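*Asks:* I'd like to go over a predicted model; first the sequence, then the structure.
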Amino acid sequence: MRAEILRDLLERVQRGDLGVEAALRHLEQPAVADLGYAHVDLQRRQRCGFPEVIFCEGKTCEWVAGVVRRLNEAGQDCLATRVSAEQAEFLRNLYPQAEQDRLARTFWLPAGPPAPPRGVVLVLTAGTSDLPVAHEAVVTAKALGTEVSLIADVGVAGLHRLLRYHERLAGADAIVVVAGMDGALPSVVGGLVDCPVIAVPTSVGYGVAFHGLAPLLTMLNACSANVVVVNIDSGFKGGYVAALIARRGAAHP
């Protein structure tokens, strides 16, 4: 076992985040679990700060449940994204205690009680139609252990709606801005704050929005220097990156 992974394990025991028996199970388990249809990375948390996340599109219900089961047996938190209605019902029967957000299409099964949140993430949407992607960002950032809040429907068509929240914008360590149509909101937000702004283009819009390509290009050309961009409809990636930034900032003020 690599020295940094062992150090992380010992520090978690010292903080009380992990019991001795659970730590022993971590030491005994392999780095990768071969399920035949998937190789589950059981050391990703030690390397990257969070366990492997399951992307459910294209997977059978049994495949998804198998990965959930292996992560759960290893004492690891389990987050799954893009969960279909069929997969959600299948998992609900197996893990009724898990949290499911059908708007976000997520499944969240923590291994134990959450630690106190570190860092503040704020998620904004330009319109109500952007909420499914925004909820995916919220669930992800919360699963990574940050304090998360959502402000919906504050797009540039009514800019005064955004300016009402100036104090909350200023208090965030990272902001996720979810927008379709013209994709102009991230650049505006970037000009109001001193923290990173993660722009998430959505496929919301009429024909010339080209299923999210128009807002993507707008965001890539944002004038504000603190704006970075993730892929179309990638609320998971936006929430994940924002949480990493917020947690690191809280750890090193």
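*Replies:* Good, I have the coordinates. From a predicted model like this one, the values you see are computed outputs, not experimental measurements.

*Asks:* name the helices or strands packed onto whichever strand or helix holds residue 189?
*Replies:* Assigned by DSSP states H and E, residue 189 belongs to helix 185-190. Helices and strands touching helix 185-190, by 3 or more CB pairs under 8 Å, 6 or more residues apart in numbering; DSSP states H and E, are helix 160-163, strand 174-179, strand 197-201, helix 213-220, strand 227-229. Using the backbone N, CA and C atoms, a C-beta is placed for each residue, glycine as well.

*Asks:* right, and the ones you listed - which one's nearest residue 59?
*Replies:* With CB to CB as the criterion, residue 59 lies closest to strand 197-201 of those, at 23.4 Å.

*Asks:* once you drop chain neighbours, what's closest to residue 132?
*Replies:* residue 103 (5.4 Å; CB to CB, 6 or more residues apart in numbering).

*Asks:* and the one you found, what does it touch?
*Replies:* 131-132, 135 (CB atoms under 8 Å, 6 or more residues apart in numbering).

*Asks:* tell me the SS of it?
*Replies:* What DSSP: H, G, I helix; E, B strand; the rest coil gives for residue 103 is coil.

*Asks:* state the distance from it to residue 136.
*Replies:* 9 Å (CB to CB, to the nearest Å).

*Asks:* just to revisit the earlier point, the contacts of residue 103 into a markdown table, with extra columns for pLDDT and neighbour count?
*Replies:* Formatted as a markdown table, the contacts of residue 103 follow (pLDDT from 0 to 100; neighbours: other CB atoms under 10 Å):
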| residue | pLDDT | neighbour count |
| --- | --- | --- |
| 131 | 97 | 21 |
| 132 | 97 | 18 |
| 135 | 98 | 23 |
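
*Asks:* export only the CA atoms of the helix holding residue 189, formatted as PDB.
*Replies:* C-alpha atoms of helix 185-190 as PDB (Å, rounded to 0.1, in the frame of the first residue of the first chain):
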ATOM      1  CA  LEU A 185     -25.000  34.200 -16.800                       C
ATOM      2  CA  PRO A 186     -21.600  32.800 -15.800                       C
ATOM      3  CA  SER A 187     -19.700  35.800 -17.200                       C
ATOM      4  CA  VAL A 188     -22.000  38.200 -15.300                       C
ATOM      5  CA  VAL A 189     -21.500  36.300 -12.100                       C
ATOM      6  CA  GLY A 190     -17.800  36.100 -12.600                       C
END
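
*Asks:* what does that helix rub up against?
*Replies:* 124, 126, 154-156, 159, 162, 169, 175, 177, 179, 197, 199, 218-219, 222-227, 229.

*Asks:* for residue 181, which residues are in contact?
*Replies:* Counted by CB under 8 Å, 6+ apart, residue 181 has contacts 126-127, 155, 204-205, 209, 214-215.

*Asks:* quick one, helices of the stretch 51-200 of the chain?
*Replies:* 61-73, 85-94, 131-143, 160-163, 166-170, 185-190 (DSSP state H, counting those that start in this stretch).

*Asks:* quick check: the residue nearest to residue 132 vs residue 230, distance?
*Replies:* For residue 103, the distance to residue 230 - CB to CB - is 19 Å.

*Asks:* okay, now the residue nearest to residue 20 when sequence neighbours are not counted: neighbour count?
*Replies:* In space, and not counting its chain neighbours, residue 20 is closest to residue 13: 6.5 Å by CB to CB, 6+ apart. Residue 13 has 16 neighbours, counted by other CB atoms under 10 Å.
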